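Participant: starting from these lines, generate the structure:
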Amino acid sequence: MRRSRAWRSFAARVPFTVKQELNEDQVAHPPYGSNLTYPIGRYTRFCQTSGTSGHPMRWLDTPESWDWVLGNWSKVFEAAE
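Facilitator: Residues are numbered from 1 along each chain as shown. All right, here's what the predicted structure looks like:
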């Protein structure tokens with residue numbers, strides 16, 4: 001029960017971002033939205049969802065973030081063997 005109260009307290013103080021907010025931001029600030037961590041020249045990869053919920057979600061990766069993604073997928077594939 002303490003954990004549940006602690007979680008509610010935490011959740012009440014931390015604003016969570018939901019997909020709709022990200023979609024609205026990308027519509028208002030095309031093509032990638034206003035939520036970029038680095039200058040545009042720092043990104044080397046572009047990804048996009050199919051847009052089945054209305055608008056495609058777009059995001060950019062740096063070389064470091066892409067390496068992190070690949071490392072995670074490697075762990076998933078190793079676990080599946």
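Participant: three-state assignment of the most centrally placed residue in the chain?
Facilitator: Centroid-nearest residue in the chain, with CA atoms, centre = their mean: residue 59, separated by 7.5 Å. With DSSP: H, G, I helix; E, B strand; the rest coil as the basis, residue 59 sits in strand.
Participant: with residue 46 instead?
Facilitator: Assignment for residue 46 (three-state DSSP): strand.
Participant: you'd agree it is up against residue 60?
Facilitator: Yes. Counting by CB atoms under 8 Å, residue 46 does reach residue 60; the two are 5.9 Å apart. Quick note: C-beta positions are derived from backbone N, CA and C, even for glycine.
Participant: who has more neighbours, those two?
Facilitator: Per other CB atoms under 10 Å, whichever of residue 46 and residue 60 has more neighbours is residue 60, with 18 against 11.
Participant: which residue sits closest to that one, ignoring its sequence neighbours?
Facilitator: residue 43 (3.8 Å; CB to CB, 6 or more residues apart in numbering).
Participant: next up, the contacts around the one you found.
Facilitator: 36, 60-62 (CB atoms under 8 Å, 6 or more residues apart in numbering).
Participant: ok, of those residues, which come out buried?
Facilitator: Applying a neighbour-count criterion of 16 or more other CB atoms under 10 Å, the buried members of the contacts of residue 43 are 60-61.
Participant: can you tell me which of the contacts of residue 43 lies closest to residue 71?
Facilitator: Nearest to residue 71 among the contacts of residue 43: residue 61, at 12.8 Å, using CB to CB.
Participant: distance of the nearest residue to the closest one once chain neighbours are set aside relative to residue 21?
Facilitator: Using CB to CB, 6+ apart and skipping the chain neighbours, the partner closest in space to residue 61 is residue 45 (4.1 Å). Using CB to CB, to the nearest Å, residue 45 is found at 23 Å from residue 21.
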